[in-house]
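Enquirer: How does the following fold in three dimensions:
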Amino acid sequence: MFRTLNPATESVVATFDAASPARIEQALDDAVAIQRPWSQVPIAQRAAVVARIGEVLLRRKETLSQLITLEMGKPIVEAEAEIEKSAATCGFYAANAAQFLADEPVASATGSQIVYDPLGVVLAVMPWNYPIWQFIRFAAPALCAGNGIILKHAGNVPQCALAINSVFADAGVPPGLAASLLIQPENVAALISDSRIAAVTLTGSTAVGKLVASQAGAAMKKQVLELGGSDPFIVLADADVERAAQAAVKARFSNTGQSCISSKRFIVDAAVADRFVELFCAGVAQLKVGAPTDRSVTIGPLARANLRDELHRQVELSVAAGAVLKTGGQPLPGQGFFYAPTVLDHVTPDMVAAREETFGPVAAVMRVKDTDAAIALANDTEFGLGAALWTADLTRAQQLVRKIEAGAVFVNSVVASDARLPFGGIKQSGYGRELGAVGMREFTNIKTVWINPALSPIHPQENIMTIKTPSGAALLRPEDLPRYDRGGGASTTPLVGKNVGSASFITGYTSFEPGMEIPFHSHNCEESVVLVEGDAILDIDGLEYRLKPLDTTFIPPNVPHRFRNMSKTNPMKILWIYARLDATRTLVASGETRPVSAEHQTPSP
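Expert: Residues are numbered from 1 along each chain as shown. Sure, this is the predicted structure:
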C-alpha cells in the first residue's frame, strides 16, 4: 500500500495499491518489445518526443508543482522551479542528442569509429526530494539514446510517480516504453536480476546505494549511483565574506536542506569566521517557516517524521559534544514535520554534524587556521559529491580545486546541477555521471567499429561504393575514397555518383549561414555532395550523418534529404552535382517541383 501523507498537516490524503506481480511482468515485456524498434527510430525523431515531454511539463506546471508540495512539502515557488528546470532539461537534450550521440571517426585509425548504441531497458530507482527533476534528468537523455525505462519511485510520492505516466502519454512516448510503477522495495532485487533489465540507476542514500550496487554487480548490470553528500562550503580569508554568507543561506536551506548537494559543512578561515557567522545567522533569521503552499514561505516541513527525528538527534549529540547553538535547534510545535532553521558553530571533525550527512535545515560551521587546513578538512569525509570554494584569488583557486576530492567544485558560487555539465560524485557519494554529454552516454554501449577500407568493393566504372545505408546513401570519408594512379606521381580521386563522368550533369555551390537549413527535398536524379567547408548534418530519408570537410555523399533519385549548418557562428559550403541537365527539386512539405537549372548557375568556389 502506498499513501500520500501531507508532511505539513500529517494527514493522509490518498492511498494506492502496489503494482501486482502480473502488472510488473507485463510492463517488463512491453518495455523490451517496444524498446527494440524505438532504438532504430532516428535520433531526431526520438529527440522530438523528449522535447514534447518538456512542453507538457510546462503546460502542467501548476498541477505538478502542487503535487510535489502536497507529497513532500517543498515550498511551492521551489516546486514550480523544479518543473521549469525539468522542462528545460528536456529541451537541452532534444537539441543536443544528435551531436552527443553522433558517430565519432578516429583519425589515427583509418576505417574506425565509435558509435553509441542504447543498452535496453533501464531500471530507475528515484528519490522523493526532487520527484520530477531527479527522474527527468535521467529519463530525457536515456530516451533520446534509445533506451526504455521502468521507474520505481519513492514510496511517499505515489501521485508524482503516476503523474509521470500521464505526462509521457500526452507527449507521445510510445505506450509501454517508459512505465512508472508503484513497486514495493522488497521487489527491487528481483527486478535488478531480471534479464529484461539491462542497467540500473539510483539516486538515494549511500546505504541503499551499496545494496543496489551489490545486487547489480552480482547480475553484471551497469549502474549509475548518485548517493549522499556532506558537501563543504569553504570560505578563505580573502573571500568576499558578505557575498559568501548570503550564498551560504541558499546553499544550505534550499528545499528545506533536503538535497544531496546542499552545503552541510561550512569551513571558514578563523580570520573571517566571526563576521561570516554573524552575517550567516542574520540571513537565516530572514527565512520564513510555514505552510509550503504559501508563496512567501522559504522553509517547509521535512518530508517525514523520521527525518525530523533523525535530524534532531544529530543536533543534540553535536551540542552535547561542544558545538555552539547559534539559532534554531528544535522541532517546531504544532502539526507538520517542521524543524527550525539551525546554525551550529565551532563544530569539530569528531562531532556527528560533521561526520554524518544532515538532511535538513541544519548548518555546521567549522573554523580552520589557514587554507591548507581548510582543504584537508574538506576532504576529511567519506563523501565526495560537490564543494564550494570562496576566494578572491582565482589563479590560486585553479590550483586548489584540483586538491578538493569531489565530483564538482564551484568557485564563488553555490553548487548546483546543470543539464550542460556532468553531475555525480566519488567515494561514498557514488559513481557514474548524469547530465551533459557524458550523462547521456552512460546508458549506451560505446561500441568500436572498424571497417577495412582496402577491402571495401569499388566499382570504378560507377565510382560508387556498393556498401550503402538502407536509403542507398554512401557516405565516404576522404581517406576512404578510391584513388586511381595516372602515372608520373599523378592520381585522381573521383567524385561519387554514377553518371558524373558523362556530359549530362550540372554542378554548383551552396553556402549556408550559421544555423541555416534547407528543408527536406528530393531530386529526379542522382546527386553527389561534397562538404567543402564547415560543420554539417545531412539527413537522408530519416538517417543522420555528421559531415566534416571533404566528406562526399551519394544521394539516390527521389530520396528526401536536407542539410543543416550546425555552427552558430561560421558559414558552411557544399559542392553539389546533379546527374541530369534537366534536374528538378521537389519540396517534401509542399510537393512543389521546380527545375534546378532555373535556380542555379555554376559559380566558382
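Enquirer: quick one: low-confidence parts of the stretch 401-550 of the chain?
Expert: The model of the stretch 401-550 of the chain has pLDDT under 70 over residues 452-504.
Enquirer: what helix or strand does the closest residue to Thr63 other than its chain neighbours sit in?
Expert: Once flanking residues are discounted, Thr63 sits nearest to Ala163: 7.8 Å by CB to CB, 6 or more residues apart in numbering. Any C-beta I mention is one placed from the backbone N, CA and C, and that applies to glycine too. Using DSSP states H and E, Ala163 sits within helix 158-171.
Enquirer: could you point out which element follows that helix?
Expert: strand 178-181.
Enquirer: Who are the packing partners of the helix or strand following that next one?
Expert: Per DSSP H and E, the first helix or strand lying C-terminal to strand 178-181 is helix 188-193. Using 3 or more CB pairs under 8 Å, 6 or more residues apart in numbering; DSSP states H and E as the contact test, the elements touching helix 188-193 are strand 121-125, strand 148-152, helix 206-218.
Enquirer: sec struct for Leu538, please.
Expert: strand (DSSP: H, G, I helix; E, B strand; the rest coil).
Enquirer: Same question for the helix holding Ala163: list its buried residues.
Expert: 158-165, 167-168, 171 (16 or more other CB atoms under 10 Å).
Enquirer: wait, Ala178 sits on Ala139?
Expert: Yes: assessed by CB atoms under 8 Å, Ala178 is found in contact with Ala139 at 6.6 Å.
Enquirer: shared neighbours of those two, which are they?
Expert: Common neighbours of Ala178 and Ala139 (criterion: CB atoms under 8 Å, 6 or more residues apart in numbering): 149, 151.
Enquirer: measure Gly73 to Val297 for me?
Expert: For Gly73, the distance to Val297 equals 10 Å [CB to CB, to the nearest Å].
Enquirer: repeat for Ile451
Expert: 61 Å.
Enquirer: Please apply the same query to Ala95.
Expert: Noted for Ala95: a distance of 35 Å to Val297, by CB to CB.
Enquirer: Among those two, which residue is more densely surrounded?
Expert: Legend: neighbour count by other CB atoms under 10 Å for Ala95 and Val297, higher for Val297 (19 against 12).
Enquirer: That one: what's its closest spatial neighbour, skipping adjacent residues?
Expert: Gly290 is the one closest to Val297 (CB to CB, 6+ apart), at 4.3 Å.
Enquirer: isn't there a helix covering Trp576?
Expert: No: counting by three-state DSSP, Trp576 falls outside a helix, being strand.
Enquirer: Give me the number of neighbouring residues for it.
Expert: 19.
Enquirer: residue contacts, the residue nearest the centre of the chain?
Expert: Nearest to the centroid of the C-alpha atoms of the chain, with distances taken as CA atoms, centre = their mean, sits Leu435, at 2.6 Å. Contact analysis of Leu435 by CB under 8 Å, 6+ apart lists 89, 137, 141, 417-423.
Enquirer: so how far is Thr293 from it?
Expert: Using CB to CB, one obtains 30 Å as the distance from Leu435 to Thr293.
Enquirer: next one: Leu389
Expert: The value you get for Leu389 to Thr293, if CB to CB is used, is 36 Å.
Enquirer: The helix holding Ala163 packs against which elements?
Expert: Packed on helix 158-171, when contacts are counted by 3+ CB pairs under 8 Å, 6+ apart, are strand 2-6, strand 11-16, helix 43-59, helix 61-72, strand 178-181.
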